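# Sequence and computational prediction follow.
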Amino acid sequence: MERNPVLFLGRRSAELLRESREALGRLVGARADDLVYVPNATTGVNIVAASLDLQPVDEVLVNDLEYGACLATWTRICEQRGATLRKLHVPLPFDADRFADEMLAAIGPRTRLLFVSHIASTTALRLPVERLIAAARARGVLTLVDGAHAPGQIDLDLDALGADFYTGNCHKWLCGPKSAGFLHARSELQPMLHASVTSWGYLGGEGGHTGFEGYTGSSLFERRLQWQGTRDISACLAVPAAIDWLAEHDWPTHRIRCHEQAVALMHRVCAANGLQPIAADDDFAQMVAIPVPHRDAPRLRQRLYDEHQIEVPVTQHDGQVLVRVSVQAYNSEAELAALEEALRH
């Protein structure tokens, strides 16, 4: 890119990005034409939220398991538009059927969009998005899934899943570089989406020419969202290499082992502290949220780092302090044992 920026960005980037999206699409079960790279899943959520023509009569339905940054996005957008943000409380222990029943029961005539995570950040819970998406569509309600933690951790087939919008990260469980996320949109809804930065892609009409197709792309979805001014797209172009590397190392086998290690650790720590897990084993993938008998989450997080050199999120939900453990293929049993021992004190 630095050797010849005009050639790389001005004439080749659209082609290179398309090749990368095709590789990503094969992994996540989507057409390259329905994918666009964004820096991260939070950006994807913001694009959809800002593009949605919310009116004061409209309502956005969320729950309190969602990622705080995205809840902040919906709070700001709804306040600006005069729309209602309805947030359901999800009690622990978690029950997937009860969760889906209550979310669907909350959909009303004003509900414009249902926002839900595929894997919740704070609690690591895998949410029943398949049922929610199908039922919402039957009622004419749009769906946006925050899949920040899903790619690389669970199998994805976005076309079969059928969400109206789905955003995910390639820099977490997919092991790609930071600044590589994606937004997937159903083809009929792509015209409603607008980039957070207006650039060259907005100058040409559908099928028209801007004179900058080398980096803006050809479809309306590409032209509006792909080019956000001069930026380093190297992270996006490295995603196929990450996908190939995982395939070469039999990643599904590692994912199964990591899940087993994570839930085994959860049960040991819970038993040692006389507590119950917040959900069934199958409600987790490679992350688990382990309840601990502490009441000061920030203090516990700092103590684990200062005294044990352990970096791990300590979160809170429904009055419980949770240690959210992520087990990846490179983590060792010795590391998990060190965390287990540290949580005994």
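Great, that's in hand.
# buried sites along the biggest helix by length in the chain?
Selection of the longest helix in the chain by residue count, based on DSSP state H, yields helix 251-273. For helix 251-273, burial by neighbour count (16 or more other C-beta atoms under 10 Å) applies to 251, 254, 255, 258, 259, 261, 262, 263, 265, 266, 269, 270. Every residue, glycine included, has its C-beta placed from N, CA and C.
# Without its sequence neighbours, what residue ends up closest to the residue most central in space within the chain?
For the chain, the residue whose C-alpha lies nearest the mean C-alpha position (C-alpha atoms, centre = their mean) is residue 148; its distance is 1.7 Å. With C-beta to C-beta, 6 or more residues apart in numbering as the measure, residue 41 is the residue that lies nearest to residue 148, at 3.9 Å, once sequence neighbours are left out.
# If we ignore the residues flanking it in sequence, what's nearest residue 278?
residue 92 (4.7 Å).
# no, scratch that, I was asking about residue 36
The shortest distance from residue 36 to any residue that is not its chain neighbour, by C-beta to C-beta, 6+ apart, is 4.5 Å, and that residue is residue 225.
# pretty sure the one you found contacts residue 183?
Yes. Using C-beta atoms under 8 Å, residue 225 is in contact with residue 183, at 7.1 Å.
# still on that earlier bit, who's in contact with the residue nearest to the centre of the chain?
Remark: with contacts taken as C-beta atoms under 8 Å, 6 or more residues apart in numbering, residue 148 is in contact with 40, 41, 42, 67, 117, 119, 121, 167, 168, 169, 172, 181.
# How much space separates the spatially closest residue to the last one that is not a sequence neighbour from residue 120?
Counting by C-beta to C-beta, 6+ apart, residue 40 is the residue found nearest to residue 181 once chain neighbours are left out, at 4.2 Å. Between residue 40 and residue 120 the distance, using C-beta to C-beta, to the nearest Å, works out to 17 Å.
# Those two: who's more crowded?
The residue with more neighbours, out of residue 40 and residue 120, is residue 120; 27 against 21, by other C-beta atoms under 10 Å.
# Chain neighbours aside, what residue packs nearest to residue 304?
Counting by C-beta to C-beta, 6+ apart, residue 304 lies nearest to residue 310, which is 4.4 Å off, once chain neighbours are set aside.
# ok, that neighbour - how many residues close by?
The local packing of residue 310 (other C-beta under 10 Å) involves 16 other residues.
# what about it, distance to residue 325?
Counting by C-beta to C-beta, the gap between residue 310 and residue 325 amounts to 10 Å.
# Common neighbours of those two, please.
Between them, residue 310 and residue 325 have residue 339 as joint contacts when contacts are counted by C-beta under 8 Å, 6+ apart.
# Touching both of residue 225 and residue 183, which residues are there?
Residues touching both residue 225 and residue 183 (C-beta under 8 Å, 6+ apart): 36, 38, 47, 193.
# Let me see the confidence value for the last one.
On pLDDT, residue 193 comes in at 97.
# Residue 211 now?
Residue 211 is assigned a pLDDT of 57 by the prediction.
# what does residue 79 give?
On the pLDDT scale, residue 79 is placed at 98.
# Also residue 11?
Model confidence at residue 11, given as pLDDT, is 86.
# and it, how many neighbours does it have?
13.
# Then residue 284?
Using other C-beta under 10 Å as the criterion, the residues surrounding residue 284 number 23.
# Look up phi and psi at the nearest residue to it once chain neighbours are set aside.
Setting aside the residues directly before and after it, residue 284 is nearest to residue 124 in space (C-beta to C-beta, 6+ apart), at 5.7 Å. Summarising the backbone geometry of residue 124 under the convention degrees, to the nearest 10, its torsions are phi 70, psi 10.
# gap between residue 124 and residue 72?
For residue 124, the distance to residue 72 under the criterion C-beta to C-beta works out to 21 Å.
# Same check on residue 27?
For residue 27, the distance to residue 72 equals 30 Å [C-beta to C-beta].
# Tell me which of those two has more neighbours.
residue 27 (20 against 12).
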